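Enquirer: Requesting a structural model of the entry that follows:
(2 chains)
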Amino acid sequence: MKNLRHINNSFNDDKVIDACSIFGAMNTSGKRFSGTGVIKAIANMHDRGNGLGGGFAVYGLYPEYKDLYAFHIMYLSAEGRNETESYLKECFDIIHREDVPSRKTAKISNPPVIIRYFLDIEKRQPDASLQDDYVLNAIMHINTTRKDSFVFSGGKDMAVFKGVGYPEEIAEFFCLEQYEGYIWTSHGRFPTNTQAWWGGAHPFSILDWTVVHNGEISSYGINKRYLEGYGYHCTMQTDTEVIAYAVDLLMRKHKLPLEIMAKVLAPPFWSDIERMPEKEQELALALRQVYGSIMLNGPFAILVAHHGELIGLTDRIRLRPLTIGEKDDMVYYSSEESAIRLISPQLDKAWTPMGGEPVIARVKQNELRTTESKVEAALSRR
Amino acid sequence: MKTLLTSKFAVIRDPEKCIQCQVCVNQCSFNANYFDAEENEVKSRNENCVDCQRCVIFCPTDAITVTNAPLEYRYNRNWTASIIDDINKQAETGGVLLTGMGTDKDYPVYWDHLLLNASQVTNPSIDPLREPMELITYLGGKPDKLEIDDNTLELKTKMLPQVKLNVPIMFSAMSYGAVSLNVQKSLAKAASETGTMWNTGEGGLHSSLKKYSNNTIVQVASGRFGVHSEYLNAGRIVEIKIGQGAKPGIGGHLPGEKVSCEVSLTRMIPQGSDAISPAPHHDIYSIEDLLQLIHALKEATNYTKPISVKIAAVHNAAAIASGIVRGGADIVVIDGFRGATGAAPKIIRDNVGIPIELALASVDSRLREEGIRNKASIVISGGIRNSGDIIKAIALGADAVNIGTSALIALGCHVCQQCHTGKCAWGICTSDLKLTKRVNPEIGAQRLINLLRGWSLEIKDILGGLGVNSIESLRGNRLHLRGVGLTDTDLEILGVRPAGR
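Expert: Predicted structure coming up:
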């Protein structure tokens, strides 16, 4: 059995410690746009990474295969590929398979083989409510037991592209300027202790959820133990993995609304809760009492995306930067405002959210609560 | 019969400084100091001295020193002075040796083998003087998840009763009778002003303490003294006491001499009668009986109060704790073998039970493995000495700790281990009214408030250094601990890595 710990974290530290740049862009009308701007913006924050990891998540990528699970799998050996492909055939109907297009570049040496598969499971698991778990189990199985194989992403109509290098180099390698999507997130990484490994770069994904993260989760130890109680095994010892699992548990399994999930990850202070009106207070109190062990503590800024929604969130005292920019239908999230201004100099609005204040961008037609505003600082500390 | 026991301590009086004022005579409740009228001189009987330091501190001219008696038995690894003395005591009396306080034996203190982490470079430490630092803790059972109305964003789940602690430090159960009313008053007042809990112990609730009910844990133990419906509803938490770390497996005995009029009223027993708490609860002979009592108490309090179950840390504490949680308890209290007592057989105090650190680690791990850790809070006690011990306990998995001895030391206790004699010179563990007035509840409460404040500030400093601003991010976060000088097995049980790795 493959032990991912030794791949990602060969020194067997508690967790991989990162400092990073993050950038996100979303078109709230759901219009797809090219990645050129995002690549330029993240490249502008070159110095926040150290060339040991860069990556992108793109949504609205495969309109032609919209309803199929799009697996992006990295292989380190032909043997691993054979093993994994035979497993995929067992579990799925492979509708289409192709190499992920890439180009030879000066900076990226020794890249793995990366293949994408469009998979149908209607026949294997007709019950829609169980399909996500079915797919998730398959991904976990490949990542933990199949030799030399690693699934970058497995959601529908989305993909993660990542690897070892600066993000602009990864973009060049994967020819990302040729793609279009309505949400893009990206990440440049500065790990302090890890051996370069392609799977260890951000974004991390579970189904169509992706997380990019700048920071260090000092509550990692208890977050991990809490998630283990729900059957999540944090094999990679990165704190980002914990965030991805937390999102999956809270949103998919416990069915908490996005705004509420943000209040679990970065809850209001007790002193703020004391001043809330009764109903709101009751909820905030219960959230902290029940979910205290999954609160993320320590410096972080994260972008969490899935179809239709992109959320930016910092820790409660904002120890890592996050700036928001708005221009027409576009919403930008960035570690530095300069990166936003570089690609959209005339912003309608630019601001820095309060620590712990979630900034949620939603595709308009899905917008349930407000019709006017593109960005809703939902349930923020009013 | 001539006693073969020798004096353990020597009272040395500096003749230059002594003014023959007899304060030491009045202060000594063990008759170690006396006034020799014939010679018109204050003198001492070393054989009665227990080294409580009362006379040393109260001597107005600083004339007295109490030291270990210089005479020592010939060195022998096996036959130490205390073993020889114990044999002599039993040869002279034919009884069970009683003692007070927690064990003084040289067992390992695991707290002293655990070290905490701090932030450097990759994450910033947080300055508690400039940023919020949260210690608030809620005790009580929690659901697995919350259900929220998608449209109104209102809470649909009904929460079980929760009890708020401003600091994760409570006062251990010490009954009225074992300690004086003034001690309980000090504890209750301090708990109420700090926003934490004090615990009645098994002695009922004195009517003068009812005003502190919001900060009171009422105990139901095997003797059921002072238990009635009003009592159960007078506190915020009801605690079923199964065992005590200092004397696991045995009951208690408050001698009739201590059952004064007030104690008699509070305990609801005749004045002067012995108050005997049986070893087991005679309605709990197994776990299913405990379940019934838990639910009976929930019924009696109309499901408004968390029910706590206190056990001594024994070998299979993890399995027992699991049963207690499955039996419906909202809080599990585990009392380690270094925990103190007002009176216990010495052989039990010194030989039964296990260290609280190991019991806590295994209970927390077991409840997590079984997926029921959220169903009950874990409170530990038994030899918690400072804020370092507390923060390590929380990192191992405790929600809160109880302090007994530390609190009594704040009230003047000098740990002379004479609690069982009823002669406490510091007026703490006695019902002699001449002695109990030595504890002033106003001053006592202030000293306890100061202690909790000091420890809270230290805990905040440590949390900030770790880079977290809330105690729940440290609770059960064993990655912030490292072990030094421990065996692989110790480390495995504690769930911590060795320092350097």
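
Enquirer: So in terms of bridging, what pairs with the residue nearest to residue B:20 when sequence neighbours are not counted?
Expert: Nearest residue to residue B:20 in three dimensions, chain neighbours excluded: residue B:42, at 5.5 Å (Cβ to Cβ, 6 or more residues apart in numbering or on different chains). (C-beta placed from N, C-alpha, C; glycine too.) In this entry, residue B:42 is beta-bridged to residue B:35, by DSSP bridges.

Enquirer: if you average pLDDT over stretch B:494-501, what comes out?
Expert: The pLDDT scores in stretch B:494-501 average 96.

Enquirer: Please list the residues of the stretch 151-300 of chain B that sit near chain A.
Expert: The stretch 151-300 of chain B comes close to chain A at residues B:153, B:154, B:155, B:157, B:159, B:162, as judged by Cβ under 8 Å from any Cβ of the partner chain.

Enquirer: any idea which of these is closest to chain A?
Expert: For these, the closest approach to chain A (Cβ to the nearest Cβ) belongs to residue B:155, at 4.5 Å.

Enquirer: Next, count neighbours for the residue nearest to residue B:20.
Expert: By other Cβ atoms under 10 Å in any protein chain shown, the residues close to residue B:42 number 22.

Enquirer: Between the residues of the stretch 151-300 of chain B next to chain A, which sits nearest residue A:330?
Expert: residue B:153 (27.8 Å; Cβ to Cβ).

Enquirer: right, and that closest one touches residue A:261 too?
Expert: No: at 11.9 Å, residue B:153 and residue A:261 do not qualify as touching, with contact defined as Cβ atoms under 8 Å.

Enquirer: Looking at these two, which has the bigger crowd around it?
Expert: Shown here are residue B:153 and residue A:261; by other Cβ under 10 Å, residue A:261 has more neighbours (23 against 18).

Enquirer: which residue sits closest to that one, ignoring its sequence neighbours?
Expert: Per Cβ to Cβ, 6+ apart, closest to residue A:261 is residue A:250, 4.5 Å.

Enquirer: quick one, what contacts that neighbour?
Expert: Applying Cβ atoms under 8 Å, 6 or more residues apart in numbering or on different chains, one finds that residue A:250 lies in contact with A:256, A:260, A:261, A:264, A:291, A:294.

Enquirer: could you redo the last one with a cut-off of 10 Å?
Expert: Residues near residue A:250 by Cβ atoms under 10 Å, 6 or more residues apart in numbering or on different chains: A:256, A:257, A:258, A:260, A:261, A:262, A:264, A:265, A:291, A:294, B:145, B:146.

Enquirer: Strands along the stretch 101-250 of chain B, start to end?
Expert: In the stretch 101-250 of chain B, the strands defined using DSSP state E, counting those that start in this stretch lie at B:114-116, B:137-139, B:163-165, B:169-171, B:198-199, B:216-220, B:237-241.

Enquirer: Tell me the strands beside the fourth one, with direction?
Expert: Strand B:169-171 has the following sheet partners, assigned by DSSP bridges: strand B:400-403 (parallel).

Enquirer: if we can go back for a sec, now the contacts of residue A:250 as a markdown table including secondary structure and distance to residue B:274?
Expert: As requested, the contacts of residue A:250 are exported to a markdown table (DSSP: H, G, I helix; E, B strand; the rest coil; distance: Cβ to Cβ, whole Å):
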| residue | secondary structure | distance to residue B:274 |
| --- | --- | --- |
| A:256 | coil | 57 |
| A:257 | coil | 61 |
| A:258 | helix | 64 |
| A:260 | helix | 58 |
| A:261 | helix | 59 |
| A:262 | helix | 61 |
| A:264 | helix | 54 |
| A:265 | helix | 57 |
| A:291 | helix | 50 |
| A:294 | helix | 52 |
| B:145 | coil | 51 |
| B:146 | coil | 51 |
